[in-house]
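Enquirer: Okay, here's the prediction I keep looking at, along with the sequence it came from:
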Amino acid sequence: MTEVLIVKSQEEAGNLYAEAACRLIKANPYATLGLATGSTPHTAYQALAQKVRENHLDVSHVCGFALDEYVMSDLSHPQSYHSVIDREVVVPVGLDPNNIHVPNGAADDVPRACSEYDKAIADAGGIDIQILGIGTDGHIGFNEPGSSLTSPTRMKTLTEQTRVDNARFFDGDLNQVPSHCITQGVGTIMKARHLVLLAFGKSKAAAIAASVEGAVTSMCPASALQLHPHATVIVDEDAASQLSQVEYYKWVAQNKPQWQVL
């Protein structure tokens, strides 16, 4: 069963992720982080940056792989994920930019760039902890409903709803939002050793309920987490509001053995 942690705030969720990431880095200074973008992981990265500073952690050898990137000619655009990852993760956490990898959305040969990205992840030893958000339709990364649950990194066409959801990052102008992306596939994501999915607000409640308690189906790509040996879903009360086993999840969280950390 996917571990479900119900928290009071985004800040509490961010701290849980940051604590897990810091334990990982202390144990393995060459750890590999899977990095997502969007508003959901923002507080997690803020908490990680703070804990790295407070604990004087050496992150110079930490490696990172972004979850996805838009297919766009200008990767210096402020809303390209190259730019977002640098601005929101690399600089505040103090990571070495040379160790951070983002899919090449400007590649002349996109299929080749996709296969090379999966190879780079494998050559790095795989991802140790992958942070994820979830779309209102249950997508993870840019794996829209209908995506194969064994899919590799590949180019995908974004749904209109996803483009509408992301228009806020492009000054509300839908015409600026790219129509295609490169995304780690569900199969690629599932190879990470620990998956941490964050979700906040009532708009995510239906997707969380389907992902955690519904059938495992390509129509809800995040439901694949049910099959992962170490998946953690961290949600606030609103995002948890359609779950049927809320009291059980809280009971489990309160009664975990001390060694069973996130």
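Expert: Received it, and whenever you're ready, just let me know what you need. All values reported here derive from a predicted model rather than from experimental measurement.

Enquirer: Which residues outside the helix or strand of the chain with the lowest mean pLDDT are in contact with it?
Expert: Per-element confidence for the chain was summarised using mean pLDDT, DSSP states H and E. The lowest value among helices and strands belongs to helix 160-166, with a mean of 85. Under the criterion Cβ atoms under 8 Å, 6 or more residues apart in numbering, residues 38, 135, 136, 137, 139, 142, 144, 158, 174, 177, 179 lie in contact with helix 160-166. (C-beta placed from N, C-alpha, C; glycine too.)

Enquirer: Apply 6 Å and report the result again.
Expert: Residues outside helix 160-166 that contact it (Cβ atoms under 6 Å, 6 or more residues apart in numbering): residue 177.

Enquirer: Now the element after it, going C-ward?
Expert: The element immediately downstream of helix 160-166 (helix or strand, assigned by DSSP states H and E) is strand 180-183.

Enquirer: Adjacent strands (with direction) for that following strand?
Expert: If you go by DSSP bridges, strand 180-183 pairs up with strand 68-70 (antiparallel), strand 154-157 (antiparallel).

Enquirer: Can you tell me which of those is most buried?
Expert: Burial of these is given as mean neighbour count (mean count of other Cβ atoms under 10 Å); strand 68-70 ranks first at a mean of 24.

Enquirer: Now do that strand, average pLDDT.
Expert: Across strand 68-70, the average pLDDT comes to 96.

Enquirer: what's the offset of that strand from the middle of its chain?
Expert: When C-alpha coordinates are averaged (Cα atoms, centre = their mean, to the nearest Å), strand 68-70 and its chain have centres 12 Å apart.
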